[in-house]
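[1] Can you look at this prediction? I've put the sequence above it.
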Amino acid sequence: MSNLKQIGIGLHGYADECGSFPPDLVTLDIYWDGLGSILVSPRDAFREDFRSLNEWQKTDRVVSADDLESVFSYVVLRWGEETRDRADTPLAYEKLARGEANAIILFDDTSVRLLNRDDAVQLIRNAGHEPVWADEP
């Protein structure tokens, strides 16, 4: 949950300076030097190899937006949009896992909540997005 909270703080820091959330992950990474250490959820067993790298090694491995997205454990729903600072508006979430009963959601007020996975899926769909699953190829 802490990584998602930090991502929310970074998104809001960018929005405070620029008037809206960053347009993409690469822009957020450039704005917030050192983002690499929170790109991967501690719960994400599939990315253990990435978590063990130091910052220089991470920079060497991540050379494009596609590379960055491929190691990012989280999904941002509102790239480039203005902040609403509302506790009921989802901003990002940890990629969902079919074997998990719960999901972690970051809201626009920077609160992070653990929700029932089915409720989280509905919330994501109500925000106009299809959920992204961590366990899909």
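    Great, that's in hand.

[2] going forward, measure contacts between C-alpha atoms and count neighbours the same way
    Noted.

[3] How about the most centrally placed residue in the chain: what's its closest non-neighbour residue?
    With distances taken as C-alpha atoms, centre = their mean, the residue of the chain nearest its centroid is residue 74 (3.1 Å). Among residues not flanking residue 74 along the chain, residue 94 sits closest, at 4.2 Å (C-alpha to C-alpha, 6 or more residues apart in numbering).

[4] Over to residue 80?
    Spatial nearest neighbour of residue 80, chain neighbours left out: residue 23 (4.2 Å); criterion: C-alpha to C-alpha, 6+ apart.

[5] Okay, that neighbour and residue 74: tell me how far apart.
    From residue 23 over to residue 74 the distance is 15 Å, taken as C-alpha to C-alpha, to the nearest Å.

[6] I'd guessed the residue nearest to the centre of the chain sits against residue 92; true?
    Yes. With contact defined as C-alpha atoms under 8 Å, residue 74 reaches residue 92; the gap is 6.9 Å.

[7] what do these two both touch?
    The overlap between the contact sets of residue 74 and residue 92 (C-alpha atoms under 8 Å, 6 or more residues apart in numbering) consists of residue 4.

[8] before we move on, the earlier item: got the contact list for the residue nearest to residue 80?
    With contacts defined as C-alpha under 8 Å, 6+ apart, the neighbours of residue 23 are 79, 80, 81.

[9] just those now: which is nearest residue 116?
    Top of the list for closeness to residue 116, among those and by C-alpha to C-alpha, is residue 79 at 24.6 Å.
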